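Visitor: Can you look at this prediction? I've put the sequence above it.
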Amino acid sequence: MTRVKGATARATKPKPKANPVPVRRMRRSGNRDLALQVLGKFREVFRAAKLHFGSVHKSVGVSGAQLWALSELYEQPGLRVSELAARLSLRQSTVSNMIDQLSRAKHLKRERGDVDQRVVRLYLTASGQKLVLKAPKPARGVLPDALESLTASDLKNLDFHLAALLSAMKVRAPDASKTHLEQI
């Protein structure tokens, strides 16, 4: 090998590869299409629920939440407001306001207990019973109905994955868990 004065021999190195994308970034961009597909399904779920609520209101003149409350009282006459709130998974104050509206519309009545006057029981009137019978089904709404149709295993998986989704979100609204879908 001949040497040229002042030149240094360079070893031929392979060209360095472009900086690899960090794993986290790659995972995110790789999931984008799938994430959008899942987001579309969320939108479809909520849109279907809203369409059902709209058909309920148009058909019988009460909201979906009000129909659900009436149907619970149809199945179990004499519930207290707190019991009804638990069955609807809504705040008691929200249910109290709903009861006031339904009472003014003469779809239900309140009755105080004979022994303890503080206990108020709720009953449908004839008008409330007719309304429940002619209303679009499912009276509870399409989302609660669909959730109840899932197996316990599927519900547990869904609950686990939704909890993971909620923990990944930077903004939270824990009070929304006791809000009816019509109010979202």
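Guide: Received it, and whenever you're ready, just let me know what you need.
Visitor: And the pLDDT for the residue lying closest to G113 once chain neighbours are set aside?
Guide: Closest residue in space to G113, ignoring its immediate chain neighbours: V119 at 4.0 Å, by C-beta to C-beta, 6 or more residues apart in numbering. The way it works is simple: take the backbone N, C-alpha and C, and place the C-beta from them, glycine included. We have a pLDDT of 85 for V119.
Visitor: ok, now which ones touch V119?
Guide: 80, 112-113 (C-beta atoms under 8 Å, 6 or more residues apart in numbering).
Visitor: For the protein, which residues score under the pLDDT cut-off?
Guide: For the chain, the stretches with pLDDT under 70 are 1-29, 176-184.
Visitor: For it, which segments count as helices?
Guide: For the chain, the helices identified by DSSP state H occupy 23-60, 64-75, 81-88, 92-104, 126-134, 142-149, 152-168, in order along the chain.
Visitor: among the ones you listed, which is the most enclosed?
Guide: Most buried of those by mean neighbour count (mean count of other C-beta atoms under 10 Å) is helix 64-75; its value is a mean of 23.
Visitor: how much distance is there from that helix to the middle of the chain?
Guide: Average the C-alpha atoms of helix 64-75, do the same for its chain, and the two points are 18 Å apart (C-alpha atoms, centre = their mean, to the nearest Å).
Visitor: same for that helix, what does it pack against?
Guide: Helix 64-75 is packed against helix 23-60, helix 81-88, helix 92-104, strand 120-124, helix 126-134, with contacts defined by 3 or more C-beta pairs under 8 Å, 6 or more residues apart in numbering; DSSP states H and E.
Visitor: JSON lines for these, including distance to D175?
Guide: Written out in JSON lines, the entries for these read as follows (distance: least, C-beta to C-beta, whole Å):
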{"stretch": "helix 23-60", "distance to D175": "18"}
{"stretch": "helix 81-88", "distance to D175": "14"}
{"stretch": "helix 92-104", "distance to D175": "11"}
{"stretch": "strand 120-124", "distance to D175": "25"}
{"stretch": "helix 126-134", "distance to D175": "29"}
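Visitor: wait, which of those is closest to V171?
Guide: Each of the helices and strands packed on helix 64-75 was scored for nearness to V171 using C-beta to C-beta, and the closest is helix 23-60 (15.6 Å).
Visitor: Need the residues that contact stretch 100-109.
Guide: So stretch 100-109 is contacted by 62, 66, 69-70, 73, 99, 110, 122-125, 127-128, 131 (C-beta under 8 Å, 6+ apart).
Visitor: Closest to N157 out of those?
Guide: For those, the residue nearest N157 by C-beta to C-beta is A69; the value is 29.8 Å.
Visitor: re earlier: ok, of the contacts of V119, which come out buried?
Guide: Using 16 or more other C-beta atoms under 10 Å as the burial test, those include no buried residue.
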